[in-house]
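Colleague: Sequence and predicted structure, then a few things I'm wondering about:
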Amino acid sequence: MAVAKGLEGVIIDSSQICHIDGSAGRLIYRGYDIHDLASLVSFEEVAYLLWNGDLPNKEQLKQLTQHLVQERAIPANVKTALRNLPTTSNMLDVLRTAISILGAEIPLKKPDLTDAITIAAKIPTINAAFDRIRLGQEPIDPREDLNHAANYLYMLTGREPDPTKADALNKYLILLADHGMNSSTFTARIVASTWSDSYSAVTAAICALKGPLHGGAPAPVLKMLQDISRPERAEEWLRNEIKAGRRLMGFGHRIYRTTDPRAEILREIAERTAPRSLVELAKAVEDAGIRILQEFRRERRLYTNVEFYSAVVMHSVGLPPDLFTATFAASRSVGWMANVLEQVANNRLIRPETQYTGPVNRKIVPLESR
């Protein structure tokens, strides 16, 4: 029996949520191309689309927006827990803890759309509250008159967000909202398949997202750019990394065999929002990295992935590096819950098998003789 290590190439279910064409470099949510979604709609509209299957009309969008606004605030016990956590805590650990506390107050029940809205509404508030607490500042209550992205930036700074930066973050949230059966989404579906609850499924997904092989790369990408510091240093720096056996962060993807469409869009956003010097540096590193990796990996052309320009965009809108992955979670929580809802609507317990390669027919030796 052939073993598909990492389940690569294994189809475990069907889904109507997301389609990825790795050869053509296309990403589609519910039939809509990601380029169209990122340029024409809001994150709230994409959330509605992923949860319900269609884009909302004006009344449906109004109702969803109102519901999200009503659910933004976090309860006092969550704020207390955030204050009691070490200020050096990893942001994904903070988020995992807060979501668990929220779920502890709710009786076990089948996941539903109300859960999806509540979780998506509260994650930015949790992120912003802890960020301010660790800086010795008071958390800022969410505003009712700002959209999802703009309110997130407001809660972090207490200032009216720059519209250009708020729009950049809105587009980032759209681009990262779902991406097929990735590790964290698969984790959420496994938990949901046991008839557990939404909060448990999302907590588990956050644990999977914490791993640097999945969601933890944007911050290292920014550090890489800062270490290189100048475009003319890119070639030598990257070659030294490869010769030392280290990975180039932000390059390559398990599925895409051509340019990641999200990276293309984020590159355009970065050109509008980031300092010109940073954009020029990023492009120089991108060009050099693609060229050098082609020399070392001739069998496969590797391109920058979504995390490369995510780092540039999130830095340009004012997010600290250790908030990058937690902001990824703020986006991906929408996709997690879309998948959880799809899982429980036609559920079968996810229970794969392994191929046993250990010994057989062993005999127990008495303890005194071992």
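Modeller: Nice, thanks for sending it over.
Colleague: Where does the residue nearest to Arg247 when sequence neighbours are not counted fall, secondary structure wise?
Modeller: Spatial nearest neighbour of Arg247, excluding adjacent residues (Cβ to Cβ, 6 or more residues apart in numbering): Glu241 at 7.9 Å. For the C-beta atoms, the positions are set from N, CA and C on the backbone; glycine is no exception. In this assignment (DSSP states H and E), Glu241 forms part of helix 234-243.
Colleague: just Val313 next, same as before
Modeller: helix 306-316.
Colleague: what's the average pLDDT for that helix?
Modeller: Looking at helix 306-316 alone, the average pLDDT works out to 94.
Colleague: now stretch 275-282
Modeller: In this model, stretch 275-282 has a mean pLDDT of 96.
Colleague: what helices or strands is the host helix or strand of Ser331 leaning on?
Modeller: Ser331 is part of helix 324-345, with elements assigned from DSSP H and E. Counting by 3 or more Cβ pairs under 8 Å, 6 or more residues apart in numbering; DSSP states H and E, the packing neighbours recorded for helix 324-345 are helix 43-52, helix 91-104, helix 113-134, helix 163-175, helix 183-193, helix 198-209, helix 218-228, helix 306-316.
Colleague: How is the chain partitioned into domains?
Modeller: Residue ranges for the structural domains of the chain, counted by automatic domain parsing, are given in the record as 14-213+332-345, 218-316.
Colleague: any chance of these in a markdown table, plus mean neighbour count and distance to Pro352?
Modeller: What follows is these, written out as a markdown table (neighbours: other Cβ atoms under 10 Å; distance: least, Cβ to Cβ, whole Å):
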| stretch | mean neighbour count | distance to Pro352 |
| --- | --- | --- |
| domain 14-213+332-345 | 19 | 9 |
| domain 218-316 | 18 | 18 |
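Colleague: Lowest average pLDDT across these?
Modeller: Comparing the domains of the chain on mean pLDDT, the least confident stretch is domain 218-316, scoring a mean of 91.
Colleague: ok, back up a step: give me the angle between the helix holding Ser331 and helix 306-316.
Modeller: In terms of direction (axes from the mean of the first three to the mean of the last three Cα atoms, to 10 degrees), helix 324-345 departs from helix 306-316 by 130 degrees.
Colleague: how much does helix 324-345 deviate in direction from helix 163-175?
Modeller: For helix 324-345 against helix 163-175, the angle by the same axes, to 10 degrees is 40 degrees.
Colleague: Using PDB, write out every CA atom in helix 324-345.
Modeller: Coordinates of each C-alpha in helix 324-345 appear next as PDB, following Å, rounded to 0.1, in the frame of the first residue of the first chain:
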ATOM      1  CA  PHE A 324       0.900  39.100  12.000                       C
ATOM      2  CA  THR A 325      -0.200  35.500  12.500                       C
ATOM      3  CA  ALA A 326      -2.900  36.500  15.000                       C
ATOM      4  CA  THR A 327      -4.200  38.800  12.300                       C
ATOM      5  CA  PHE A 328      -4.100  35.800   9.900                       C
ATOM      6  CA  ALA A 329      -6.300  34.100  12.400                       C
ATOM      7  CA  ALA A 330      -8.700  37.000  12.400                       C
ATOM      8  CA  SER A 331      -9.200  36.400   8.700                       C
ATOM      9  CA  ARG A 332      -9.000  32.600   8.500                       C
ATOM     10  CA  SER A 333     -11.500  32.200  11.300                       C
ATOM     11  CA  VAL A 334     -14.200  32.900   8.700                       C
ATOM     12  CA  GLY A 335     -13.000  30.100   6.500                       C
ATOM     13  CA  TRP A 336     -12.600  27.800   9.500                       C
ATOM     14  CA  MET A 337     -16.200  28.300  10.500                       C
ATOM     15  CA  ALA A 338     -17.400  27.900   6.900                       C
ATOM     16  CA  ASN A 339     -15.700  24.500   6.800                       C
ATOM     17  CA  VAL A 340     -17.000  23.600  10.300                       C
ATOM     18  CA  LEU A 341     -20.600  24.400   9.100                       C
ATOM     19  CA  GLU A 342     -20.100  22.400   5.900                       C
ATOM     20  CA  GLN A 343     -18.700  19.500   7.900                       C
ATOM     21  CA  VAL A 344     -21.500  19.200  10.400                       C
ATOM     22  CA  ALA A 345     -24.100  19.600   7.600                       C
END
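Colleague: centre of the chain versus it, how much separation?
Modeller: Distance of helix 324-345 from the chain centroid (Cα atoms, centre = their mean, to the nearest Å) equals 8 Å.
Colleague: follow-up on the earlier one: can you add distance to Ala24 and give the helices and strands packed on helix 324-345 back as JSON lines?
Modeller: Formatted as JSON lines, the entries for those read as follows, by distance: least, Cβ to Cβ, whole Å:
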{"stretch": "helix 43-52", "distance to Ala24": "21"}
{"stretch": "helix 91-104", "distance to Ala24": "32"}
{"stretch": "helix 113-134", "distance to Ala24": "30"}
{"stretch": "helix 163-175", "distance to Ala24": "17"}
{"stretch": "helix 183-193", "distance to Ala24": "22"}
{"stretch": "helix 198-209", "distance to Ala24": "27"}
{"stretch": "helix 218-228", "distance to Ala24": "25"}
{"stretch": "helix 306-316", "distance to Ala24": "16"}
